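Colleague: below is the sequence, then the predicted model.
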Amino acid sequence: MALPTVNSTYAGSAAGFYISAALKEASSLEHLTVLQNIKYKTSLQKVAAASLVRNSDCNFTDHGTLTLTDSVLTPKLLQINTQTCKLNLLESWEAETMKAGAMNNNAPKFEDYVISYFTQHISDAVESSVWSGAAATNGQFEGFLTAATGAFAVNGNTVPTTNAGGAGVAYTATNIIENLQTIAAAIPSTVYGREDLCIYMNWKTYRLYISAISTLGYVNMYSMNNDYEATFEGIKLAVVYGMPDNQLVAAQKSNLYFGTDTISDITSQIKMLDMSPLDGSDNLRFVGKFSGGVQVGIGSEVVWQD
């Protein structure tokens, strides 16, 4: 069987279609406010109002306060440059095609299969950087929880809480409920009860929580299905892959931002270059460019536990 020939270039919105699909695979973005088409940077302005409504009279009297919070989200430009032999992908592509069935027209083309193979690395990289990435590290952008340089640390107004077991103590099925109670108690009253309020945790922490409430008899872990919505004291639990162990964050989805650009021809590119006509090899070069970054809106409405 002759190896497929692949030479494709996608830029701007055409590449953005594939990159957007890859970003959707990053589980954290489902629970963040995603801003697209940021060319360089964007200003996030949030307004907090207090005591605006007063008794009516015939005069104009200025009263109440409007507080404008302004923060800047600057996505970092990242890329994938890699080369692989088409034989490395051909076997798994053929298996996928056979699995789809001879009469199934939805079997992926080799080109689409190659793109999905490499863009999976984009989603994995984004998922990790969202929470603990460091811009000083090659291939990462600054995350929310990164010590000293992360979005929470730079904001300076986020609300830290203490691990119930003491600094550095790992979460267990025995202490996880106490830690969740600690972070829930620190949520500002102006935020508590909002529909998009979540407590963010990774899957390891979530498993500890399920174990704890199963032991207490509140849920039968063997009968849970896709209809089960995890909550704690009425607050939704956002379970994501990228968060570090032994950390919790409580915030509104509308207050945590991820920014990217899926339109620009410069920051959004996918190229595949078949080397066989050039050097006679069966190598395939892949180039992918995308951007990403995070930012918090109102820091005082974000609670986190380290």
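Modeller: Alright, I've got the coordinates.
Colleague: burial check on L197, number of neighbours?
Modeller: Taking other CB atoms under 10 Å as the criterion, the count of residues near L197 is 20. Glycine gets a C-beta too; all of them are placed from N, C-alpha and C.
Colleague: hang on, V191 packs against L197?
Modeller: Yes - A contact is recorded between V191 and L197 when judged using CB atoms under 8 Å, the distance being 5.9 Å.
Colleague: find residues that contact each of those two.
Modeller: A251, Q252 (CB atoms under 8 Å, 6 or more residues apart in numbering).
Colleague: state the distance from the closest residue to T149 other than its chain neighbours to G259.
Modeller: Leaving aside its chain neighbours, T149 sits nearest to E142 (5.9 Å; criterion: CB to CB, 6 or more residues apart in numbering). The gap separating E142 from G259 is 12 Å, by CB to CB, to the nearest Å.
Colleague: overlap of the contact sets of these two?
Modeller: Common contact partners of E142 and G259 (CB under 8 Å, 6+ apart): G293, V294.
Colleague: ok, S43 to L32 distance?
Modeller: Using CB to CB, we find S43 at a distance of 18 Å from L32.
Colleague: more neighbours, the two?
Modeller: A side-by-side neighbour count of S43 and L32, using other CB under 10 Å, places L32 first with 23 against 9.
Colleague: who's in contact with that one?
Modeller: Residues V130, K253, L256, Y257, F258, V294 are the ones in contact with L32 under the rule CB under 8 Å, 6+ apart.
Colleague: does the residue nearest to T149 count as helix, strand or coil?
Modeller: For E142, the secondary-structure state derived from DSSP: H, G, I helix; E, B strand; the rest coil is coil.
Colleague: give me the number of residues near it?
Modeller: A count of nearby residues for E142, using other CB under 10 Å, gives 24.
Colleague: how about low-confidence regions in this structure?
Modeller: By pLDDT under 70, the low-scoring segments of the chain are 1-24, 46-49, 66-69, 94-108, 219-227, 263-268.
Colleague: quick one: furthest residue from the center of it?
Modeller: Relative to the average C-alpha location in the chain, and by CA atoms, centre = their mean, no residue lies farther out than C58, which sits at 51.1 Å.
Colleague: could you chop the chain up by domain?
Modeller: Taking automatic domain parsing as the reference, the chain has its domains at 7-47+67-144+257-300, 159-256.
Colleague: out of those domains, flag the one nearest F152.
Modeller: When the domains of the chain are compared for distance to F152 using CB to CB, the nearest one is domain 7-47+67-144+257-300, at 5.5 Å.
Colleague: buried residues in stretch 243-253?
Modeller: M243, N246, Q247, L248, V249, A250, A251, Q252, K253 (16 or more other CB atoms under 10 Å).
Colleague: what's the end-to-end length of it?
Modeller: Stretch 243-253 has its terminal residues 15 Å apart, counting by CA to CA, to the nearest Å.
Colleague: now stretch 80-93
Modeller: End-to-end distance of stretch 80-93 (CA to CA): 21 Å.
Colleague: quick check: buried residues in it?
Modeller: Counting neighbours by 16+ other CB under 10 Å, stretch 80-93 gives I80, K86, L89, L90, W93 as buried.
Colleague: also stretch 188-197?
Modeller: V191, R194, L197.
Colleague: pull the CA atoms of it into PDB?
Modeller: Taking only C-alpha atoms (Å, rounded to 0.1, in the frame of the first residue of the first chain), the coordinates of stretch 188-197 have been written out as PDB:
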ATOM      1  CA  PRO A 188     -17.400  36.100  50.000                       C
ATOM      2  CA  SER A 189     -21.100  36.500  50.600                       C
ATOM      3  CA  THR A 190     -21.400  38.600  47.400                       C
ATOM      4  CA  VAL A 191     -20.400  35.500  45.400                       C
ATOM      5  CA  TYR A 192     -21.900  32.600  47.400                       C
ATOM      6  CA  GLY A 193     -25.000  31.300  45.700                       C
ATOM      7  CA  ARG A 194     -24.100  32.600  42.200                       C
ATOM      8  CA  GLU A 195     -25.100  30.100  39.500                       C
ATOM      9  CA  ASP A 196     -21.600  29.900  38.000                       C
ATOM     10  CA  LEU A 197     -19.800  29.500  41.300                       C
END
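Colleague: check which helices and strands the top strand by length along the chain is in contact with.
Modeller: Selection of the longest strand in the chain by residue count, based on DSSP state E, yields strand 283-296. Contact partners of strand 283-296 among helices and strands, from 3 or more CB pairs under 8 Å, 6 or more residues apart in numbering; DSSP states H and E: helix 13-24, strand 65-73, strand 76-85, helix 86-100, helix 110-132, helix 151-155, strand 256-259, strand 269-274.
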